[in-house]
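> What shape does this take:
(2 chains)
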Amino acid sequence: MNILLEYLQYPFFVRALVVGVGIGMLLAWIGNYVVMRREVLFTHSLSNVGFLGIAFAVLVSVPTTPALLVACILAAIFISFLQKKNLFNNDSLLEIIAQISMALAVIVISFFSGYQINIEQFLFGDVLAISRGDVVVSLIMFVLIVVVLSVWHKRFLRISLSDLLSHSLVKNKKLWNGILVLMITVVIALGIKIIGVLLVASFMTIPSNTAKLVAKNLKQTFIYSLFLGGVATLIGLFGSVVLNVPTGPAIIVVLGIMWVLAIIVRRR
Amino acid sequence: MSRVLVEMKDVTVAFKKGANILENISLEVREGELISLIGPNGAGKSTLLKAMIGLVVPNNGVVKRFTDNVFYVPQSKDLDGSFPMSVREFATLYGQKGFENYLKEMGVLEKIDERIGSLSGGEYQRVIMAIALSRKAELLLLDEPTSGIDIIGEQTFYRLITDIHLKYGISMIVVSHNIHMVMQNTNKVMCLAHGGCHVGKPTHIKSNAAFKDVFGDHLIPYIHEHEHTA
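Predicted coordinates:
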């Protein structure tokens, strides 16, 4: 307990707490749309492209956040283009892009000295090393995205749940779909920078799939997933400090434990 | 003459070069029509419906929609049924006030508090139809609504859509493989075969060469009998 109180006095830890919980909740919320759209692999694919983007940015010494955003947005456009061509099954296409991006990223990172340490940092982010600038950017993006999601939640829900029905009901469906994909992309890019590739994919998938096991309706699913995203980050952060283990994997393990508990509770 | 809702002119759809699913299709759907869409597997029936609603973009030709109030009722559920969403929540999200009355009319009101994911394909289609009715839909596109249903269930379903058609005057296109059933219940037939589309009344379609080519002559006596009793 004393260790935790001591850590709370460090500004870097409080920053990690605030931004980590915020981004965890945001990813968990957006994850519900992603799971509904059955596009978890899209998240996985985009995360790996982001990984490549950030590695390349470090290699050529350009700011990582814009590089990440550009890489993710370009990848989303490229994936969408190939999906329309109907040349491959969707899951195969997304997995191919994920694998190639990961391989390229590792090769790029291998050009750095001491690259093994860097890989871990990219995969799990560095939530404890968040700067004040990161906090400001994250907060602005967080507020913007939360406002858009809150105002047009019903519309995004319609688009995500049934493609066919939304085709009849949502005017300018292509535009709204594009806005949702753009937001998912931006949140993924933001998440990769702060909490890393693996945590982004975990937050997009596990809270939603845990919440729907115990929730009674759709509204509860969204609320529970938000709660799970926030609580898992808190427990993972504090747990990593107390047990002296890496923060990112600690948060994923907490999410995993919650998921298993939900399966058990659901069976009863 | 009633209002045209959808007009297709020389529409060609091909997912691969040189393999046209639909070829130079021209047709129109008017207000108040109850149309059967028939054709062998792979003839492009679902593609034709999807082209009408804009889900498939033609490679050539023009599709003009004079109403946006068109609903496509798919063969199977197109949503992730693992989410805890009741039929009530689902209908509230997509339908309009008073959807309960239409759920009752479609015979699925007792399912209102059940999970949408637990419904059978047929029940889901009825929920979609109730949503469409609550939104005063002008055209319903029913993609094989009776696939997997036994003969009695099929008869009941066709009686239901005929009643709905008569009561609300809503236009419908029904895709089915049961030629006898659609001939008996609808007043216009679209027969898709070899990329082309032949449109007419059941009595006209029966003499069409493409129709005979696809379905053989075994229907002709049935249609004659039906004409005499009509």
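> alpha carbons only for contacts and neighbour counts from here, please
OK.
> Write out the residues of chain A neighbouring chain B.
Chain A comes close to chain B at residues A:36-38, A:154, A:158, A:161-165, A:167-169, A:212-213, A:215-218, A:221, as judged by CA under 8 Å from any CA of the partner chain.
> Can you flag the buried ones in those?
If you count burial by 16 or more other CA atoms under 10 Å in any protein chain shown, the buried members of these come out as A:36-37, A:158, A:161-165, A:167-169, A:212-213, A:215, A:217-218, A:221.
> Tell me if residue A:97 really is in a strand.
No - assessed with DSSP: H, G, I helix; E, B strand; the rest coil, residue A:97 is helix; it does not lie in a strand.
> Touching, residue B:98 and residue B:134? I think so.
Yes - contact criterion CA atoms under 8 Å: residue B:98 and residue B:134 qualify, at 6.6 Å.
> who's more crowded, those two?
residue B:134 (20 against 15; other CA atoms under 10 Å in any protein chain shown).
> Which pLDDT value belongs to the more buried one?
At residue B:134, the pLDDT value in this model is 95.
> what's near enough to touch it?
Neighbour list for residue B:134: B:95, B:96, B:97, B:98, B:99, B:102 [criterion: CA atoms under 8 Å, 6 or more residues apart in numbering or on different chains].
> need the helices for the stretch 1-150 of chain A, in chain order.
For the stretch 1-150 of chain A, the helices defined by DSSP state H, counting those that start in this stretch cover A:2-8, A:11-36, A:40-59, A:64-85, A:90-110, A:115-124, A:132-151.
> And for chain B?
For chain B, the helices defined by DSSP state H cover B:45-53, B:87-94, B:99-105, B:121-134, B:151-168, B:179-185, B:202-205, B:209-215, B:220-229.
> so the fourth one versus helix B:151-168, what angle?
If I follow you right, that is helix B:121-134. 0 degrees (axes from the mean of the first three to the mean of the last three CA atoms, to 10 degrees).
> Next, the angle from helix B:121-134 to helix B:87-94.
Counting by the same axes, to 10 degrees, helix B:121-134 points 40 degrees away from the direction of helix B:87-94.
> neighbours around the residue nearest to residue B:7 when sequence neighbours are not counted, how many?
Nearest residue to residue B:7, sequence neighbours excluded (CA to CA, 6 or more residues apart in numbering or on different chains): residue B:28, at 4.3 Å. By other CA under 10 Å, the residues close to residue B:28 number 14.
> can you check residue A:186 too?
When counting by other CA under 10 Å, one arrives at 19 neighbours for residue A:186.
> Dump the helices of the stretch 1-150 of chain A into CSV; add mean pLDDT as well.
Below are the helices of the stretch 1-150 of chain A laid out as CSV (pLDDT from 0 to 100):
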stretch, mean pLDDT
helix A:2-8, 77
helix A:11-36, 88
helix A:40-59, 88
helix A:64-85, 87
helix A:90-110, 90
helix A:115-124, 61
helix A:132-151, 84
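> Single out the most deeply packed of these.
Stretch with highest mean neighbour count among the helices of the stretch 1-150 of chain A: helix A:40-59 (a mean of 25; mean count of other CA atoms under 10 Å in any protein chain shown).
> May I ask you to confirm that the residue nearest to residue B:7 is in contact with residue B:10?
No - if you go by CA under 8 Å, residue B:28 and residue B:10 don't touch, sitting 11.5 Å apart.
> now residue B:88: how far from residue A:216?
13 Å (CA to CA, to the nearest Å).
> Now do the contacts for the closest residue to residue A:216 other than its chain neighbours.
Nearest residue to residue A:216, sequence neighbours excluded (CA to CA, 6+ apart): residue B:84, at 5.8 Å. Residues counted as contacts of residue B:84 (CA under 8 Å, 6+ apart) are A:212, A:213, A:215, A:216, A:217, A:218, A:221, B:115, B:117.
> Try it again at 6 Å.
If a contact means CA atoms under 6 Å, 6 or more residues apart in numbering or on different chains, then residue B:84 has A:216, A:217, A:218 as its contacts.
> Relative to residue A:109, which of these is nearest.
residue A:218 (42.0 Å; CA to CA).
> from what I can see that closest one touches residue B:87, true?
No - shown here, residue A:218 and residue B:87 do not form a contact pair, counting by CA atoms under 6 Å, at 11.3 Å.
> where are the low-confidence patches of chain B?
By pLDDT under 70, the low-scoring segments of chain B are B:148, B:181-182, B:195, B:205-230.
> In contact with residue 64, which residues?
In the absence of a named chain, chain A is used. By CA under 6 Å, 6+ apart, the residues touching residue A:64 are A:54, A:57.
> Correction: the question concerned chain B.
Neighbouring residues of residue B:64 by CA under 6 Å, 6+ apart: B:6, B:7.
> In the beta-sheet assignment, what are the partners of it?
When assigned by DSSP bridges, residue B:64 has beta-bridge partners residue B:7.
> Number of residues surrounding the nearest residue to residue B:198 once chain neighbours are set aside?
By the measure of CA to CA, 6+ apart, the closest residue to residue B:198 outside its immediate chain neighbours is residue B:191, 5.0 Å from it. Residues contacting residue B:191 under the criterion other CA under 10 Å number 24.
> and if you look at residue A:250?
Count around residue A:250 with other CA under 10 Å applied: 22.
> likewise residue B:142?
23.
> That one reaches residue B:174, doesn't it?
Yes - using CA under 6 Å, residue B:142 makes contact with residue B:174 at a distance of 4.8 Å.
> show me what contacts the closest residue to residue B:46 other than its chain neighbours?
Excluding its sequence neighbours, the residue lying closest to residue B:46 (CA to CA, 6+ apart) is residue B:143, at 6.5 Å. Neighbouring residues of residue B:143 by CA under 6 Å, 6+ apart: B:74, B:75, B:175.
> most surrounded residue in these?
Within those, most neighbours by other CA under 10 Å means residue B:175, with 25 neighbours.
> can you tell me which residues contact residue 25?
Just so you know, I chose chain A. A:226, A:229, A:230.
> think we crossed wires, I meant chain B
B:10, B:11 are the contacts of residue B:25 under CA under 6 Å, 6+ apart.
> Kindly recompute the last result at 10 Å.
Residues in contact with residue B:25, defined by CA atoms under 10 Å, 6 or more residues apart in numbering or on different chains, are B:8-13, B:48, B:60-62, B:192, B:195-198.
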